[in-house]
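Visitor: Below: sequence and its predicted model.
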There are 2 protein chains.
Amino acid sequence: MTNPPAPVADRHQVGVQESQIVLPPSLVDVAAGQLRRMIIGGQLLPGDRVVENQLTQQLGMSRPPLREALRVLEREGLIRSLPRKGAIVTPLTLHDVYEIFTLRDEFEVLAVNLGIPVRDPQRLERCRARLELMAEAARAGDQAVFTECSFEFHVAVIGLSGHQRLEAAYRTLQLQMLLCMTLNHRARADKEDFVQNVGRHRRLLELIEGGDRDLVLHELAHHGDRTFLDDIESTLDGHSDVALAWLERVREGE
Amino acid sequence: MTNPPAPVADRHQVGVQESQIVLPPSLVDVAAGQLRRMIIGGQLLPGDRVVENQLTQQLGMSRPPLREALRVLEREGLIRSLPRKGAIVTPLTLHDVYEIFTLRDEFEVLAVNLGIPVRDPQRLERCRARLELMAEAARAGDQAVFTECSFEFHVAVIGLSGHQRLEAAYRTLQLQMLLCMTLNHRARADKEDFVQNVGRHRRLLELIEGGDRDLVLHELAHHGDRTFLDDIESTLDGHSDVALAWLERVREGE
DNA sequence: GCCTAGACTATTGTCTACAGTCGCCAAGCT
DNA sequence: AGCTTGGCGACTGTAGACAATAGTCTAGGC
């Protein structure tokens, strides 16, 4: 059991720019953060049952705050709950993967068109700070923290648009993408990869500072680690036509 | 107190096409639906405090399910909760209105590009069914039910894309737009307006069946009732530059 | 008269307990 | 042997009570 790093997608960070977050978070927030980490960390895999009593024991709290956290995660699309039957980590089909990737791309395009060139230097500063946290996590070689910092960096980039609702929608979708990533287990990168990864992100930030939308979009399009799509058809069900066509397109483009 | 009409944005309708929804909904679902209706019906206005004990009394249930429902509504952006200080109906600034309208338009464009011309006739059938419900509500002259049916029709149109996550995101945003609408009180339409309204929607559906994206997009762009934007600057704070520029553009375009 | 400190009230945060429901397994019937 | 049925265990749904915190009002002192 690792010490809790910076929480992912906490409520208090949505739409509140650097306000006083010294208030002790409620147990619901703690539970939601822990659950997110357990899911995107791969300890709970898509399809796994989520039993309340077990979690209360693991998290050291009673059921009511945990249940509220489950509602939050359900709304985020990380778990799916059936009345009187319990909850499971959202199972993914190939069509789901298609939806997540394509919609996320669209959000990125929207955000870039709105946010670049950058108007508010404070937003850019937020990106820089997140990038530094990434670099720090890379040096430490901590996979979980690195993933979270990378996540927050991308959210900050979308935040350049100054569009809180777009940012929130992107945050949700990016979380689901991390859920996708738990499907291939060989994605564990070593320390060297981390450093390279930070380099790619630093280049992206430089392009952003440059202010050329097309360059940023191009970098974003070829930015993600899409190697995990390699033999994904064999691991997933739900092969809709559009999903298969999309997969084809993605592979041709690379 | 009116009888509960068809619930808006119930969990079981998200991504589940016509499965057996005969299971009795949990109290959390009931509470969430009731709260939505109270908010978009204007009984709870933006900025109003939402006190748990009062609501338990009104809804006839205990606090745990109600609190879970509040978490859901918070995630949908209809209420905002501050730890240990309670919850309020999300207060809106002019910038919020700008965000909601612009992002919703983008979602519509995405959905039309994905969903038109229509591939799956079943999805079209869903639109038709919803339109009929609208017409029925219009004949009955029931404002609340009509609003809900109109809401569901628009969601069904977005659903033509076959993109569940896009549909869910749109649903959330459309709910927030209904929240915007509660800001002007003179929007109460009479029965005649309802009929005209249904006519506009029927024309939209015909264009969809025609399969011409541009025509559909054009109709959608001039479809909404934007009269409520008339003197909105005077009622709201938060006049960001982008929001003012957008408002200018919208008014020029009409 | 104004400011500060203390208590009080209202409200939220959390926990424990109980009721209801689902699913499994075994025993009995056909 | 196969199907049905009753019971049992596990889990979720809900209620009520208790604890803690924030806001408010009043009383006292400067």
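Guide: Sure, I can see it.

Visitor: going forward, measure contacts between C-alpha atoms and count neighbours the same way
Guide: Will do.

Visitor: Skipping its backbone neighbours, what lies nearest A:Phe107 in space?
Guide: Setting aside the residues directly before and after it, A:Phe107 is nearest to A:Tyr170 in space (Cα to Cα, 6 or more residues apart in numbering or on different chains), at 6.5 Å.

Visitor: give me every residue that touches that neighbour.
Guide: For A:Tyr170, the residues meeting the contact criterion (Cα atoms under 8 Å, 6 or more residues apart in numbering or on different chains) are A:Arg104, A:Phe107, A:Val155, A:Ile158.

Visitor: which of those count as buried?
Guide: Burial by neighbour count, judged by 16 or more other Cα atoms under 10 Å in any protein chain shown, picks out A:Arg104, A:Phe107, A:Val155, A:Ile158 from the contacts of A:Tyr170.

Visitor: Which parts of chain A are strands?
Guide: Per DSSP state E, chain A has strands spanning A:49-50, A:79-82, A:86-89. These are given in chain order.

Visitor: The last one: which residues count as buried?
Guide: Neighbour-count burial for strand A:86-89, counted by 16+ other Cα under 10 Å, picks out A:Ala87, A:Ile88, A:Val89.

Visitor: Close to DNA strand D: what parts of chain A are there?
Guide: Residues of chain A found near DNA strand D (Cα under 7 Å from any atom of the strand) are A:23, A:50-53, A:63-64, A:82-87.

Visitor: Now the buried members of those.
Guide: The neighbour-count criterion (16+ other Cα under 10 Å) marks A:Val50, A:Glu52, A:Pro64, A:Ala87 among the residues of chain A next to DNA strand D as buried.

Visitor: Go ahead and confirm A:Glu68 touches B:Arg63.
Guide: No. Under the criterion of Cα atoms under 8 Å, A:Glu68 makes no contact with B:Arg63, lying 11.7 Å away.

Visitor: The closest residue to A:Val89 other than its chain neighbours: what's it in contact with?
Guide: Once its chain neighbours are removed from consideration, A:Val89 has its nearest residue in A:Ile79; the separation is 4.3 Å (Cα to Cα, 6+ apart). Contacts of A:Ile79 were listed using Cα under 8 Å, 6+ apart, and they are A:Leu70, A:Leu73, A:Ala87, A:Ile88, A:Val89, A:Thr90.

Visitor: ok and the residue in the stretch 101-250 of chain A nearest DNA strand D?
Guide: With Cα to the nearest atom of the strand as the measure, the residue in the stretch 101-250 of chain A that lies nearest DNA strand D is A:Leu179; the distance is 20.5 Å.

Visitor: need the residues of chain A near chain B, please.
Guide: With the criterion set to Cα under 8 Å from any Cα of the partner chain, chain A comes near chain B through A:23, A:25-26, A:64, A:67-68, A:71-72, A:75, A:83, A:99-100, A:103, A:163-166, A:169.

Visitor: OK, contacts around A:Gly253?
Guide: Not one residue lies near A:Gly253 by Cα under 8 Å, 6+ apart.

Visitor: ditto for A:Gly162
Guide: Residues in contact with A:Gly162, defined by Cα under 8 Å, 6+ apart, are A:Leu114, A:Gly115.

Visitor: now it: how far from B:Arg251?
Guide: Relative to B:Arg251, A:Gly162 is positioned 22 Å away (Cα to Cα, to the nearest Å).

Visitor: pLDDT weak spots in chain A?
Guide: Applying pLDDT under 70 to chain A picks out residues A:1-24, A:185-192, A:225, A:254.

Visitor: Show me which residues of it are close to DNA strand C?
Guide: Chain A comes close to DNA strand C at residues A:Ser26, A:Leu27, A:Val28, A:Gly60, A:Met61, A:Ser62, A:Arg63, A:Pro64, A:Pro65, A:Arg84, A:Lys85, as judged by Cα under 7 Å from any atom of the strand.

Visitor: Could you report the neighbour count for the closest residue to the second one other than its chain neighbours?
Guide: Pointing back at A:Leu27 there. Among residues not flanking A:Leu27 along the chain, A:Pro65 sits closest, at 6.2 Å (Cα to Cα, 6+ apart). The number of residues packed near A:Pro65 is 21, by other Cα atoms under 10 Å in any protein chain shown.

Visitor: Leaving out the residues flanking it, which one is nearest to A:Asn53?
Guide: A:Arg63 (7.2 Å).

Visitor: what does A:Thr56 give?
Guide: Counting by Cα to Cα, 6+ apart, the residue nearest A:Thr56 is A:Ser62, at 5.5 Å.

Visitor: Also A:Gly238?
Guide: Closest residue to A:Gly238 apart from its sequence neighbours, by Cα to Cα, 6+ apart: A:Thr93 at 4.7 Å.

Visitor: okay, now the one you found: neighbour count?
Guide: Other residues within reach of A:Thr93 by the criterion other Cα under 10 Å amount to 19.

Visitor: cool, and the one 10 residues further on?
Guide: Taking other Cα under 10 Å as the criterion, the count of residues near A:Leu103 is 21.

Visitor: Distance-wise, check it relative to B:Arg165.
Guide: When Cα to Cα is the yardstick, A:Leu103 and B:Arg165 sit 8 Å from each other.

Visitor: Please apply the same query to A:Glu152.
Guide: From A:Glu152 over to B:Arg165 the distance is 21 Å, taken as Cα to Cα.

Visitor: and the two? which has more neighbours close in?
Guide: Here A:Glu152 and B:Arg165 are set side by side on neighbour count (other Cα under 10 Å), and the busier one is A:Glu152, at 24 against 18.

Visitor: That one reaches A:Arg130, doesn't it?
Guide: Yes. With contact defined as Cα under 8 Å, A:Glu152 reaches A:Arg130; the gap is 6.6 Å.

Visitor: re earlier: now render the residues of chain A next to DNA strand D as a markdown table, adding distance to B:Thr147.
Guide: Putting the residues of chain A next to DNA strand D into a markdown table (distance: Cα to Cα, whole Å) gives the following:
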| residue | distance to B:Thr147 |
| --- | --- |
| A:Leu23 | 39 |
| A:Val50 | 37 |
| A:Val51 | 38 |
| A:Glu52 | 37 |
| A:Asn53 | 41 |
| A:Arg63 | 37 |
| A:Pro64 | 34 |
| A:Leu82 | 28 |
| A:Pro83 | 28 |
| A:Arg84 | 31 |
| A:Lys85 | 33 |
| A:Gly86 | 33 |
| A:Ala87 | 32 |
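
Visitor: what number of residues lie near A:Leu78?
Guide: Under the neighbour criterion other Cα under 10 Å, A:Leu78 is assigned a count of 25.

Visitor: how near is it to A:Gly253?
Guide: Remark: distance between A:Leu78 and A:Gly253 (Cα to Cα) = 29 Å.

Visitor: One more: A:Leu183?
Guide: In this structure, A:Leu183 lies at 23 Å from A:Gly253, with Cα to Cα as the measure.

Visitor: Please list all residues in contact with the residue nearest to A:Phe151 when sequence neighbours are not counted.
Guide: Computed as Cα to Cα, 6+ apart, the closest residue to A:Phe151 that is not its neighbour in sequence is A:Gln174, at 7.5 Å. Listed by Cα under 8 Å, 6+ apart, the contact set of A:Gln174 reads A:Ile100, A:Arg104, A:Phe151.

Visitor: picking up where we left off before, got the contact list for the residue nearest to A:Leu27?
Guide: With contacts defined as Cα under 8 Å, 6+ apart, A:Pro65 is in contact with A:Leu27, A:Val28, A:Ala31.

Visitor: hang on, isn't A:Pro91 packed against A:Leu44?
Guide: No. The criterion here is Cα under 8 Å, and A:Pro91 misses it with A:Leu44 at 11.2 Å.
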